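Asker: Sequence unavailable; structure follows:
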């Protein structure tokens, strides 16, 4: 583990820069300790060189792309100092041409993302249901995980209300397995043929290209109120799940039902779940709005800083297991309907492995932007089902990479290269990096000695599709009647929420529908809410100033699922960020002690002073009163000695925002003067006042374990 005692994460380079421009030639800097590129593999999957630097820039001299050293890159070649630029300037042409083509088409969805490298360790508990070797006990598999928003462009903000992608690439010894999911277990639609429609509806309006990265507009609500299968996903998105506190604090779901095959050839149906060790937490709506302006890169910064600080994010991978029956139903729930969940109370999530993200990318474009996921990247022991949405995704993901990444050889990009031998008989095409040998890329052949050969079965660890019987049936554009229930699970979700979570859902619907222009769309969505729950509908209708309609469908009641609520448990505080308001007048030994205590507790202190720079003791200040804002901190400490600054309006704003957002606040010594100036009751829930910083921090950490002091606003 790295030393967490001193370094506050976020330094942009591995060593501090000099004040003057460096002029002595030297080799390129090594990456920071938390950064690494993908494993160095050849296009055919072999280990090429363990030294990551072989894939990075080389040498101390500036060169052309083919290695000619350059003496000047600031002036184009001209006919005299004031003359026209010469066409023969090959360096200018190369530099500008490459720059003109630096950007590739962004993803149609999930364009804005952040990612990290890590390792997955199998528990061995999945052996009864699958022969997938990477799930065997103590097997460690390199992974690359990318998180993303769905609707926004690459330039949008991180904390918009939206679904988040949660995609993990497992570089297993038997080939790549991609688990491509979201932080919401139910999808927008039931059939992939509607995917262009829902995305067109959610994206900015095509005439004005607004609003960006949000669903609070007419076309989205027009679609989901007409296609009521989308109501389940919409409810999840209107909950606090739609504005997560951090990628580190999101659940992930495989969404679809998959089929697993064990060593005996027996099959089971499963759903995948990622459970974060830090718990599932969200921002408040006020925080999310502030963050979009104050730090639109909040989530990607949080992920990278946590890894750099050694607070490695972790998730347990679990599966819900169901009998593989001909009807593919469980407890009356259609397992092929991606808008449905199976409550954990009916089918517990069984842990099968642990994911830890512990290395940041060294280059965003080469890794995070060029990584290509595909639900059809499967390994022995895991297969797909007839889920109509999954079937469409099996086509779509390959198709989109052909355009984004310039041709069929995108799996040869370093971040996409497998860690298993590749002999695929695929040849040529754009960006073919492999230098193939032999003369017979076909089989059977004799000219290449018969190679490559078919794997003969289980002994050769071949991938074998599950021998599922496909019923003879007429061609039809239809779906099973079990897909027609669009409201019962939405009601289950609503009734599983605590009162504070229900309040947030009401406010979310009220805001989103309030941004719609057309009255009929608001009324149509209110009708959907009436079919879900009368109280929900009436509260939203009141906020919109509209009458609440009566239900138009009879929807059966469902028992609440406590596992769906985000409130009520305690979680580790690793990597939480504590803002410490201090000043030069504060006792320097106390500030040093509380800073070290925060580090020792596995959290990150950010010291906030009247100006930037450092304290008299030499302790650096990370923020000033001008640059500090509540959204950065999970809790705030007010140091003894700040009385002279207690009524500074910037400090008052910070304290009031933190209090409104139900975050923990602590003060020791005369630090409580800042509470008084902000009109914050020192006896309110989630507020700790004491004589020493260490005592206050201990109580504060206990409050942080519950994430928020919701009783303050409930």
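Answerer: The structure has been received and is ready for your questions. Here the structure is a predicted model, which is why all the values come from computation and not from measurement.

Asker: now the helices for the stretch 251-400 of the chain?
Answerer: Assigned by DSSP state H, counting those that start in this stretch, the helices in the stretch 251-400 of the chain fall at 285-294, 298-308, 388-404.

Asker: possible to save these as a markdown table with mean neighbour count?
Answerer: Using the backbone N, CA and C atoms, a C-beta is placed for each residue, glycine as well. Listed next are the helices of the stretch 251-400 of the chain as a markdown table, based on neighbours: other C-beta atoms under 10 Å:
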| stretch | mean neighbour count |
| --- | --- |
| helix 285-294 | 18 |
| helix 298-308 | 22 |
| helix 388-404 | 16 |
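
Asker: measure residue 150 to residue 198 for me?
Answerer: 10 Å (C-beta to C-beta, to the nearest Å).

Asker: Counting neighbours around each, name which of these two comes out higher.
Answerer: The residue with more neighbours, out of residue 150 and residue 198, is residue 150; 24 against 21, by other C-beta atoms under 10 Å.

Asker: OK, contacts around that one?
Answerer: Going by C-beta atoms under 8 Å, 6 or more residues apart in numbering, residue 150 touches 109-110, 162-165, 182, 199, 202.

Asker: same thing but 10 Å
Answerer: 107, 109-112, 160, 162-165, 182, 184, 188, 198-199, 202-203, 213, 215, 237 (C-beta atoms under 10 Å, 6 or more residues apart in numbering).

Asker: Kindly report the same for residue 659.
Answerer: With C-beta under 10 Å, 6+ apart, residue 659 has these contacts: 630, 636, 665, 675, 678-681, 684, 686-687, 709, 712-713.

Asker: so which of those residues is the most crowded?
Answerer: Most surrounded of the contacts of residue 659: other C-beta under 10 Å gives residue 665, at 30 neighbours.

Asker: My guess is that residue contacts residue 634. True?
Answerer: No: judged on C-beta atoms under 10 Å, residue 665 makes no contact with residue 634 at a distance of 11.1 Å.

Asker: which residues do the two both contact?
Answerer: Contact criterion C-beta under 10 Å, 6+ apart; residues shared by residue 665 and residue 634: 579, 658, 700, 703.

Asker: Just the contacts of residue 659: which are in strands?
Answerer: 636, 665, 687 (DSSP state E).

Asker: Kindly list the longest strand within the chain.
Answerer: The chain, longest strand under DSSP E: strand 350-361.

Asker: what lines up beside it in the sheet?
Answerer: strand 35-36 (parallel), strand 113-122 (antiparallel), strand 314-323 (antiparallel) (DSSP bridges).

Asker: and residue 569, what is it in contact with?
Answerer: Counted by C-beta under 10 Å, 6+ apart, residue 569 has contacts 279-280, 562, 705-707.

Asker: tell me which of the residues you listed is nearest to residue 521?
Answerer: residue 280 (31.0 Å; C-beta to C-beta).

Asker: mind checking how far the closest one is from residue 244?
Answerer: Taking C-beta to C-beta, one finds residue 280 at 8 Å from residue 244.

Asker: again, but for residue 559
Answerer: In terms of C-beta to C-beta, residue 559 sits 27 Å off from residue 244.

Asker: Sticking with residue 538, tell me its helix or strand.
Answerer: helix 534-544 (DSSP states H and E).

Asker: Let me see the residues that make contact with that helix.
Answerer: Residues contacting helix 534-544 (C-beta under 10 Å, 6+ apart): 235, 238, 490-491, 494-495, 502-503, 505-514, 516, 519, 522-523, 525-531, 533, 546-551.

Asker: Check which helices and strands the next helix or strand after that helix is in contact with.
Answerer: Sequence order places strand 577-581 as the next helix or strand after helix 534-544, per DSSP H and E. Judged by 3 or more C-beta pairs under 10 Å, 6 or more residues apart in numbering; DSSP states H and E, the packing partners of strand 577-581 are helix 298-308, helix 588-600, strand 604-609, strand 623-624, strand 635-638, helix 649-660, strand 664-668, helix 693-704.

Asker: got TSV for these, with distance to residue 541 too?
Answerer: Below are these laid out as TSV (distance: least, C-beta to C-beta, whole Å):
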stretch	distance to residue 541
helix 298-308	33
helix 588-600	47
strand 604-609	43
strand 623-624	43
strand 635-638	37
helix 649-660	26
strand 664-668	36
helix 693-704	36
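
Asker: Output those as CSV; include the columns mean pLDDT and distance to residue 339.
Answerer: Formatted as CSV, these follow (pLDDT from 0 to 100; distance: least, C-beta to C-beta, whole Å):
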stretch, mean pLDDT, distance to residue 339
helix 298-308, 96, 26
helix 588-600, 95, 44
strand 604-609, 96, 39
strand 623-624, 96, 44
strand 635-638, 97, 38
helix 649-660, 97, 35
strand 664-668, 97, 37
helix 693-704, 94, 35
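
Asker: Could I get the buried residue list for stretch 45-57?
Answerer: Under the neighbour-count criterion of 16 or more other C-beta atoms under 10 Å, stretch 45-57 has 45, 52, 55 buried.

Asker: give the contact list for the nearest residue to the second one once chain neighbours are set aside.
Answerer: Meaning residue 52. Using C-beta to C-beta, 6 or more residues apart in numbering and skipping residues adjacent in sequence, the residue nearest residue 52 is residue 37, 5.2 Å away. Neighbouring residues of residue 37 by C-beta under 10 Å, 6+ apart: 31, 52-56, 117, 359, 361-363, 366-367, 414-415.

Asker: quick one: residue 37 from residue 111, how far?
Answerer: Counting by C-beta to C-beta, the gap between residue 37 and residue 111 amounts to 22 Å.

Asker: what does residue 628 give?
Answerer: For residue 628, the distance to residue 111 equals 31 Å [C-beta to C-beta].

Asker: out of the two, which sits in the busier spot?
Answerer: Using other C-beta under 10 Å, the more surrounded residue of residue 628 and residue 111 is residue 628, with 24 against 19.

Asker: As a quick check, tell me the outermost residue of this protein.
Answerer: Taking C-alpha atoms, centre = their mean, the residue of the chain most remote from its mean C-alpha position is residue 80, at 53.9 Å.

Asker: how about that one, secondary structure?
Answerer: Recorded secondary structure, residue 80: coil (DSSP: H, G, I helix; E, B strand; the rest coil).
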